[in-house]
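Peer 1: take a look and give me a structure for this.
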Amino acid sequence: MAVARLYDDNLYQFDTPQRSYWEATGGSERFNATPLATNESCDVAIIGGGFTGLSAALHLARDHNVDVRVLDAGHIGWGASGRNGGFCCVGGTGLHRHALIKQVGIESAREFYQASSDAVEFVRTLAVDENIDYQTFGNAEIEVAHSQRAAAALKKDHEVLTGALGMRAELISAGECKERFYDSSETYGALINRPAFGLHPLRYCRGLAASATQHGAVLHSRSQVRSWQKDDQGTHRLLTDGGLVRAKRVIYASNGFIQEELHSEFYGRTLPIISAIVVTRPLTSDELDAQSWRTENPAINSRLVMNYFRLLPDGRFLFGGRGHTVGDPEGESQTYDNNIAAMKRIWPAWRHVDIDFRWHGLICYTATLRPSIGPLDDDNSVLFGFGYHGNGVNMASWTGKQLADWIASGKRPEGVPSIITGLARKFPLPKHRAAFFRLGVKIAKWRDSRS
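Peer 2: Numbering: from 1, shown residues only. Below you'll find the model as predicted:
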């Protein structure tokens, strides 16, 4: 099945790590992740060495004594798991809270939010249990209104969060936000959402890999799957440039970097969206004081084309936003310039601060705007987990455990909401997904300019 990639080849250089802050500070943890160089067999093969795949491998090996191998096209953590902003917070859907309730009903929406909240605490517990040094920072997520209209909307969001959805959230005024957290040109009030915290995503990812290896899982980096077939005996055959893995079951855990050509059932199920991040040099105490910055909590703003930002433990400032819609080097460079300009507009006292790191990656949307996990309807030997809509730290980690337990028990684990179970429907006219998305971004930016 020949499938054209949605974006420029610049985004799929599996042999090249991003020049990110996380790669520069990710530590020297060691684990066995050499390329596959022989023909091997196992109970479960996992395509994708990020949070989903590593969590599944860890729990299969540790909790269920399953023989498992992980195959990744790049190094372990090459994809979104090693590139994201390091936010561990409630989320996982591309739908606004009110829209989710309208689409699935209050009970199902509440069940989903509870699972997402549980997933945040799951990450914290797993890191403690496995002694992972993942550099936590902060104890909440700040959702900042960028305008008076957005501040009014946050009041309704607060009522829904604390009422219908049963979450912990605090509504504060613009003055309180400036006094407790920071000041900027776009601070009109905020929601303080819990549970949430920041972390070092690549350290966390490498910690999962080390733990999975310690418990018996075998990891193979730089082992892109070139073909996937199932023989007459029901054995899956995953071929790489260096070898072959035969497995009774396969977990497809590549999220936004999914290779749709490998299995026809996955064609058209995802919409990868480019996100880009810049990180400054360390800010001085005077520079932080100039914007009254006094929080370790990660934050997002209320724009349709959202920005996310946080102070890092060494005093650098991370600022992210949606990237270019083609992904070529020229567009990538323009995205960085746009993000830097937006950051310096919001915090004008930092307009002369140098940028030390910049990188990009893909987050994964689905047509339902909800995660998609479980086995294929017509082949329960193939399982999958993808579509975290920018909240992969918690949802992907949690999903990996659910998939491991699903394989071990043969049934959906308790606590997995029905609204995220099963394969997401295909996008209409999937060949044109990227073109429709580009149009949607233009409309969203126009609406943001008027808010």
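Peer 1: the bottom helix or strand of this protein by mean pLDDT?
Peer 2: Lowest mean confidence among the helices and strands of the chain (mean pLDDT, DSSP states H and E): helix 433-449, at a mean of 69.
Peer 1: what about the helices in this structure?
Peer 2: 21-24, 51-64, 97-104, 106-129, 148-162, 174-180, 201-214, 285-290, 329-346, 392-409, 433-449 (DSSP state H).
Peer 1: just want the angle from the fifth one to helix 106-129.
Peer 2: Orientation note: helix 148-162 sits at an angle of 80 degrees relative to helix 106-129 (axes from the mean of the first three to the mean of the last three C-alpha atoms, to 10 degrees).
Peer 1: tell me the contacts of Arg5?
Peer 2: Shown in contact with Arg5 (C-beta atoms under 8 Å, 6 or more residues apart in numbering): 11-12. (Glycine included, C-beta is placed from N, CA and C.)
Peer 1: 10 Å instead, please
Peer 2: 11-12, 259-261, 272, 327, 434 (C-beta atoms under 10 Å, 6 or more residues apart in numbering).
Peer 1: for Asp289, same thing?
Peer 2: Listed by C-beta under 10 Å, 6+ apart, the contact set of Asp289 reads 283, 349.
Peer 1: any idea how far it is from Trp350?
Peer 2: Remark: distance between Asp289 and Trp350 (C-beta to C-beta, to the nearest Å) = 12 Å.
Peer 1: over to Arg149?
Peer 2: 26 Å.
Peer 1: for these two, indicate the residue with more neighbours.
Peer 2: Between Arg149 and Trp350, counted using other C-beta atoms under 10 Å, the more crowded position is Trp350 (19 against 12).
Peer 1: centroid-nearest residue for this structure?
Peer 2: Gly392 (2.9 Å; C-alpha atoms, centre = their mean).
Peer 1: got the phi/psi numbers for the nearest residue to Tyr113 once chain neighbours are set aside?
Peer 2: Nearest residue to Tyr113 in three dimensions, chain neighbours excluded: Leu165, at 4.6 Å (C-beta to C-beta, 6 or more residues apart in numbering). When read as degrees, to the nearest 10, the backbone of Leu165 gives phi -100, psi -10.
Peer 1: now do the contacts for Lys411.
Peer 2: By C-beta under 10 Å, 6+ apart, Lys411 lies in contact with Asp405.
Peer 1: pLDDT wise, what is Val326 at?
Peer 2: pLDDT recorded at Val326 is 86.
Peer 1: Ser28 too?
Peer 2: Confidence score, pLDDT, at Ser28: 69.
Peer 1: what's the answer for Val66, then?
Peer 2: So, for Val66, pLDDT stands at 98.
Peer 1: make JSON lines out of the helices of the chain and add distance to Asn307.
Peer 2: Below are these laid out as JSON lines (distance: least, C-beta to C-beta, whole Å):
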{"stretch": "helix 21-24", "distance to Asn307": "17"}
{"stretch": "helix 51-64", "distance to Asn307": "23"}
{"stretch": "helix 97-104", "distance to Asn307": "19"}
{"stretch": "helix 106-129", "distance to Asn307": "21"}
{"stretch": "helix 148-162", "distance to Asn307": "13"}
{"stretch": "helix 174-180", "distance to Asn307": "16"}
{"stretch": "helix 201-214", "distance to Asn307": "18"}
{"stretch": "helix 285-290", "distance to Asn307": "19"}
{"stretch": "helix 329-346", "distance to Asn307": "6"}
{"stretch": "helix 392-409", "distance to Asn307": "18"}
{"stretch": "helix 433-449", "distance to Asn307": "10"}
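Peer 1: looking at those helices, which is closest to Phe309?
Peer 2: helix 329-346 (7.4 Å; C-beta to C-beta).
Peer 1: buried set for that closest one?
Peer 2: Of the residues in helix 329-346, 331-332, 335-336, 339-340, 342-344, 346 count as buried by neighbour count, 16 or more other C-beta atoms under 10 Å.
Peer 1: contacts for stretch 228-242 next, please.
Peer 2: By C-beta under 10 Å, 6+ apart, the surrounding residues in contact with stretch 228-242 are 34-42, 44-47, 69, 71, 73, 220, 222-227, 244-250, 252, 259, 261-263, 379, 381-382.
Peer 1: buried only: go through those for me.
Peer 2: 36, 40, 42, 44-47, 69, 71, 73, 220, 222-225, 245, 247-250, 252, 259, 261-263, 381-382.
Peer 1: so, low pLDDT: which residues of the chain?
Peer 2: By pLDDT under 70, the low-scoring segments of the chain are 1-3, 28, 30, 439-441, 443-451.
Peer 1: try 90 this time
Peer 2: Residue ranges of the chain with pLDDT under 90: 1-8, 27-32, 303-306, 322-327, 429-451.
Peer 1: OK, contacts around the nearest residue to Cys89 once chain neighbours are set aside?
Peer 2: Leaving aside its sequence neighbours, Cys89 sits nearest to Ala196 (C-beta to C-beta, 6+ apart; 3.6 Å). By C-beta under 10 Å, 6+ apart, Ala196 lies in contact with 87-91, 117, 120, 138-143, 168, 297-299, 394.
Peer 1: between Asp289 and Trp350, which contacts overlap?
Peer 2: Both Asp289 and Trp350 are in contact with Leu283, where contact means C-beta under 10 Å, 6+ apart.
Peer 1: re the thing from before, closest to Thr421 among the buried residues of helix 329-346?
Peer 2: Nearest to Thr421 among the buried residues of helix 329-346, with distances taken as C-beta to C-beta, is Thr335, at 34.9 Å.
Peer 1: thought that closest one was touching Gly361?
Peer 2: No: if you go by C-beta atoms under 10 Å, Thr335 and Gly361 don't touch, sitting 11.8 Å apart.
Peer 1: okay, and the common contacts of the two?
Peer 2: 274-276, 323.
Peer 1: and the residue lying closest to Ile132 once chain neighbours are set aside, how many neighbours?
Peer 2: Nearest residue to Ile132, sequence neighbours excluded (C-beta to C-beta, 6+ apart): Gly207, at 3.1 Å. Residues lying near Gly207 (other C-beta under 10 Å) number 23.
Peer 1: gap between Gly207 and Asp72?
Peer 2: Using C-beta to C-beta, we find Gly207 at a distance of 16 Å from Asp72.
Peer 1: list the buried residues for stretch 108-123?
Peer 2: If you call a residue buried by 16+ other C-beta under 10 Å, then stretch 108-123 has these buried ones: 108-117, 119-120, 122-123.
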